[in-house]
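>>> give me a model of this one.
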Amino acid sequence: MKTILSLIIGAGCVFAAHAQYFSAPPDADAFVRAAPGATNLNYGAAGALAVSGPIALNGLSVSNGSFDTFIRFNMAALPVSFNSAFGPNNWVVTHAVLQLTEQAAPANNLFNRGVGAFQVRWIAKTNWTEGTGTPAAPTMDGISYTNEATLLNSNTDEVLGTYTNSGANQTEFFYLTMPSGFINTVKAGGEVDLYLTAISPGIGFTFDSKEFITNSDWPFLAIAGEPQTGITGTSRSGKNITLNCTNGASGETYFVITSTNVTLPLGQWTPVATNRLTASGNFSITVTNGVAGSSRQFFAIQAQ
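Just a heads-up that it's a prediction; the model follows:
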């Protein structure tokens, strides 16, 4: 359920169902290793990225220790695209998807294998360098495991979800949660930096990087935007209240709920009207006998 709040004389916004997608490949990516002797090494030019737990094994049943991955996406063109499609600032971000193409049995024995859980975080700091290191020739000119202490900050970074790889050679889609820092950076067209780390000690998740020869197998961050449905006005006739709205979606059902206490959880508000749209665009919902007494009253519209 998606919800907007409005005073009888106020206005608000809700999500509609006319999505447009913006997708971006990385402009930087690299994996880092926690194994002894590798903490200062860079692997920014490898054709693959990896998330591994400390006990995961490679194809020779040898453990190469923990791997973490950093990926940066440039969202500068996103607001331009959505402003063109929906009108300047007349849109909302509804969901975000991280696309990764897994190599279940990587040929290079540096990479571990195994199915397990990993976490994706948005990190606030963007001051890391991809570097030019490869598995065969690691360098010290870019991000390494030792940099994590200065890049990660639990007070500013945000968890976007915990996921599990498939253990198969296929493209996988991970639907990210949308905390405010992450979404605000996306909407502003900023650099979006993601950090992927193991939760399961036996995970060995290897996936293609932006150096991989097939562009379609690179990581991608896809963002969905929709026109912003809004309450354009309200009117009252006796005890009846009409909410006038815009950018409604054909086939969508909109519910009106009400309360005299705006701090009350929405699940405890009272449903008072329903409208299922037969066409997209402007619409209205009238709440018959919606005004109860002389106290200030609040209304919410929920789109199912």
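
>>> find me the pLDDT at the residue nearest to A168 when sequence neighbours are not counted, would you?
Nearest residue to A168 in three dimensions, chain neighbours excluded: A104, at 5.4 Å (C-beta to C-beta, 6 or more residues apart in numbering). To be clear about C-beta, it is placed using only N, CA and C from the backbone, and glycine gets the same treatment. Note for A104: predicted pLDDT of 97.

>>> so A104 sits against G114, correct?
No - assessed by C-beta atoms under 8 Å, A104 is found out of contact with G114, at 9.7 Å.

>>> joint contacts of those two?
G167 (C-beta atoms under 8 Å, 6 or more residues apart in numbering).

>>> just checking, next helix/strand downstream of the helix or strand bottoming out on mean pLDDT in the chain?
The helix or strand of the chain with the poorest confidence is strand 13-15; it has a mean of 32 (mean pLDDT, DSSP states H and E). Per DSSP states H and E, the first helix or strand lying C-terminal to strand 13-15 is strand 20-24.

>>> partners of that next one in the sheet?
strand 220-237 (antiparallel) (DSSP bridges).

>>> averaged pLDDT, the helix or strand following the strand it pairs with. What do you get?
Scanning forward in sequence from strand 220-237 by DSSP H and E, the next helix or strand is strand 240-248. For strand 240-248, mean pLDDT rounds to 81.

>>> after strand 240-248, next one along is what?
strand 253-259.

>>> so for stretch 172-186, what's the average pLDDT?
Mean predicted lDDT for stretch 172-186 stands at 96.

>>> dump that stretch to CSV, keeping only the CA atoms.
In CSV, the C-alpha atoms belonging to stretch 172-186 read as follows (Å, rounded to 0.1, in the frame of the first residue of the first chain):
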residue,chain,number,x,y,z
GLU,A,172,20.4,-12.1,-11.1
PHE,A,173,18.3,-9.2,-10.0
PHE,A,174,18.4,-7.9,-6.4
TYR,A,175,15.6,-5.5,-5.4
LEU,A,176,17.1,-3.0,-3.0
THR,A,177,15.4,-1.3,-0.1
MET,A,178,15.3,2.5,-0.3
PRO,A,179,16.5,4.4,2.7
SER,A,180,16.6,8.2,2.5
GLY,A,181,20.3,8.7,2.0
PHE,A,182,20.5,6.3,-0.9
ILE,A,183,17.3,7.7,-2.6
ASN,A,184,18.3,11.3,-2.1
THR,A,185,21.6,10.7,-3.8
VAL,A,186,19.9,8.9,-6.7
